[in-house]
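S.K.: how would this look folded up:
(chains A and B)
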2 protein chains.
Amino acid sequence: MMRYEVYVTGKPGIFDPAGKTTAGALSNLGYAGVAQVRIGKFIQLSCDDSVSLEQLTEMCEKLLANPIIEDYRIEEVLEGAEG
Amino acid sequence: MMRYEVYVTGKPGIFDPAGKTTAGALSNLGYAGVAQVRIGKFIQLSCDDSVSLEQLTEMCEKLLANPIIEDYRIEEVLEGAEG
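M.R.: Here you go, the predicted structure:
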C-alpha cells in the first residue's frame, strides 16, 4: 500500500473567497499581522502498488483539481514518515 | 513577511463524506487501485513578523480547524522554499 498526498491550491490571481473571509475573521479576532490567507485542499490517498504516478496525475487533472483555476502537487509519503 | 502552511485533516475514525465520494468517483473512472481518500484543508498564511507560532496555534484552535474532529499541523515555509 502506497500513500500519496496531493496539495491543491488556487492559481495565483484567482480569487479565493474562503481565504479572504478567513483573513477578515482572523483580523476581527485580533490577529492583525495576518496579511493573506489562501485555502486549498490537502488530499491523502492510499493506493495499491498498481497505481502509478502517471495515473495520479491523470486523477488530478480529471477529478481532484480543476486545472483551469488550480495548481496541484503530488508527493509520495515514504514509509514511516508522518502523514 | 513570514509564510506558514497549515494542514487540517479529519481525526482518524471521523467520517469523511467528501473523501468517500471522491474514492467512489475514482473507482468509477477506472482507478481501481485507490483504497482510501481523505480530504483536508491546506491553508497558506502570509504574516508579518509580529505573528508568533503560539498565535498561529491559537488561530488553528479558534478558527482554522475544529479541534473536536480535526487535527492540524503548522509548518513554517523557509525563504526560497517551494510553497
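S.K.: Write out the residues of chain A neighbouring chain B.
M.R.: Within reach of chain B by CB under 8 Å from any CB of the partner chain, chain A has these residues: A:1, A:7-9, A:19, A:22, A:25-26, A:29, A:31-51, A:55, A:59, A:62-64, A:83. Just so you know, the C-beta spots here come from the backbone N, C-alpha and C atoms, and that holds for glycine as well.
S.K.: 7 Å instead?
M.R.: Within reach of chain B by CB under 7 Å from any CB of the partner chain, chain A has these residues: A:1, A:7, A:9, A:22, A:25-26, A:29, A:31, A:33-48, A:50-51, A:55, A:59, A:62-63.
S.K.: For residue A:76, give me its contacts.
M.R.: Residues near residue A:76 by CB atoms under 7 Å, 6 or more residues apart in numbering or on different chains: A:2, A:4.
S.K.: That one and residue B:26: what is the separation?
M.R.: Distance, residue A:76 to residue B:26, using CB to CB, to the nearest Å: 17 Å.
S.K.: got it, and residue A:3?
M.R.: 15 Å.
S.K.: ok, the two, which is more surrounded?
M.R.: Per other CB atoms under 10 Å in any protein chain shown, whichever of residue A:3 and residue B:26 has more neighbours is residue B:26, with 22 against 17.
S.K.: ok, the residue lying closest to residue A:18 once chain neighbours are set aside - how many residues close by?
M.R.: Nearest non-adjacent residue to residue A:18, counting by CB to CB, 6 or more residues apart in numbering or on different chains: residue A:39, 4.6 Å away. When neighbours are counted by other CB under 10 Å, residue A:39 registers 22.
S.K.: what angle separates the host helix or strand of residue A:37 from strand B:34-47?
M.R.: Following DSSP states H and E, one finds residue A:37 within strand A:34-47. Orientation check (axes from the mean of the first three to the mean of the last three CA atoms, to 10 degrees): strand A:34-47 against strand B:34-47 gives 170 degrees.
S.K.: Can you list the helices and strands that strand A:34-47 packs against?
M.R.: When contacts are defined as 3 or more CB pairs under 7 Å, 6 or more residues apart in numbering or on different chains; DSSP states H and E, strand A:34-47 packs onto strand A:2-10, helix A:17-28, strand B:34-47.
S.K.: C-alpha coordinates for stretch A:43-60, CSV please?
M.R.: C-alpha atoms of stretch A:43-60 as CSV (Å, rounded to 0.1, in the frame of the first residue of the first chain):
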residue,chain,number,x,y,z
ILE,A,43,-5.8,15.1,-0.2
GLN,A,44,-4.4,11.9,1.2
LEU,A,45,-4.7,8.8,-1.0
SER,A,46,-3.9,5.2,-0.1
CYS,A,47,-3.3,3.1,-3.2
ASP,A,48,-2.1,-0.3,-4.0
ASP,A,49,1.1,-0.8,-6.0
SER,A,50,-0.7,-0.9,-9.3
VAL,A,51,-1.3,2.9,-9.2
SER,A,52,1.4,4.8,-11.0
LEU,A,53,2.4,8.4,-10.5
GLU,A,54,1.2,8.9,-14.1
GLN,A,55,-2.3,7.7,-13.1
LEU,A,56,-2.2,10.0,-10.1
THR,A,57,-1.5,12.9,-12.4
GLU,A,58,-4.5,11.9,-14.5
MET,A,59,-6.7,11.7,-11.4
CYS,A,60,-5.7,15.3,-10.5
